[in-house]
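> here you go, sequence then predicted model.
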Amino acid sequence: MAAVGAVVLDAGGRVLLIRRARPPRVGSWTLPGGRLERGESAEAAVVRELREETALAVRVVCSLGEVIVTAEGASFAILEHLAVVCEEGAPRAGDDAAEARFFQRSELGPLGVLEDALAVIDRGIAEARARDREPLDASTGPA
């Protein structure tokens with residue numbers, strides 16, 4: 001099954017996580033995302049899923065590649081992206097998310113975030129730092 005996910009950073013460099021309300025991995029903290037709908041671009045799916053799960057408007061900055069995740073007997077090909085928040089405001093959990101919050105990278109270990117998600121988060125943070133010469137301003141288009 002094709003899916004999308006996103007490393008979403010706020011202006012302070014914190015990463016957005018959701019606590020899953022539905023399988024797979026109910027109750028775990030992970031990156032927001034979901035299924036890619038028929039005929040939908042990956043970027044459009046990221047924007048839609050983030051709005052549904054967190055009520056935040058985001059802009060996709062770039063792709064972070066594909067990650068294969070197997071959970072509870074199903075495999076997911078997740079097209080990961082780096083995104084930034086377009087509007088001020090706190091995330092509000094919705095759809096598949098029981099909670100949605102921003103965290104410092106140093107806070108993720110105790111939350112039990114899985115290694116595959118941590119690797120994507122680290123890749124997203126590194127990409128954001130590499131692009132720091134061009135600020136990740138939500139008002140500009142994809143890089």
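Sure, I can see it. Numbering: from 1, shown residues only.

> give me the residues contacting the lengthiest strand in the chain.
As assigned by DSSP state E, the longest strand anywhere in the chain is strand 58-71. The contact list for strand 58-71 (CB atoms under 8 Å, 6 or more residues apart in numbering) reads 5-8, 24-25, 42-43, 46-47, 50-51, 75-86, 116, 119-120, 123-124, 127-128, 131, 136, 138, 140-143. All C-beta atoms are positioned from the backbone trio N, CA, C, and that covers glycine.

> give me the number of residues near residue 91?
Residues contacting residue 91 under the criterion other CB atoms under 10 Å number 22.

> and it, helix, strand or coil?
Classification of residue 91 using DSSP: H, G, I helix; E, B strand; the rest coil returns coil.

> measure it to residue 119 for me?
Per CB to CB, to the nearest Å, residue 91 is found 23 Å from residue 119.

> what do you get for residue 71?
Counting by CB to CB, the gap from residue 71 to residue 119 is 16 Å.

> in the sheet, who's paired with residue 100?
Note on residue 100: beta-bridge partners by DSSP bridges are residue 18.

> my guess is it contacts residue 91. True?
Yes: the pair residue 100 / residue 91 is scored as a contact, 3.8 Å apart, by CB atoms under 8 Å.

> run the chain-centre distance for stretch 15-30.
Centroid displacement of stretch 15-30 relative to its chain, using CA atoms, centre = their mean, to the nearest Å, is 11 Å.

> end to end, how far does it reach?
10 Å (CA to CA, to the nearest Å).

> what's the average pLDDT for the helix or strand where residue 124 lies?
Taking DSSP states H and E as the criterion, residue 124 maps to helix 115-130. For helix 115-130, mean pLDDT rounds to 94.

> kindly report the same for stretch 96-109.
Stretch 96-109 comes out at a mean pLDDT of 94.

> show the pLDDT at residue 133.
pLDDT, residue 133: 47.

> before we move on, back to that, what strands line up against the longest strand of the chain, and which way round?
strand 74-85 (antiparallel).

> low pLDDT regions in the chain?
For the chain, the stretches with pLDDT under 70 are 133-143.

> mind redoing it with 50?
Where the chain drops to pLDDT under 50, the residues are 133-135, 137-143.

> how close does the residue nearest to the spatial centre of the chain get to residue 105?
The centroid of the chain falls nearest to residue 6 when counting by CA atoms, centre = their mean (2.5 Å). Counting by CB to CB, the separation of residue 6 from residue 105 is 16 Å.
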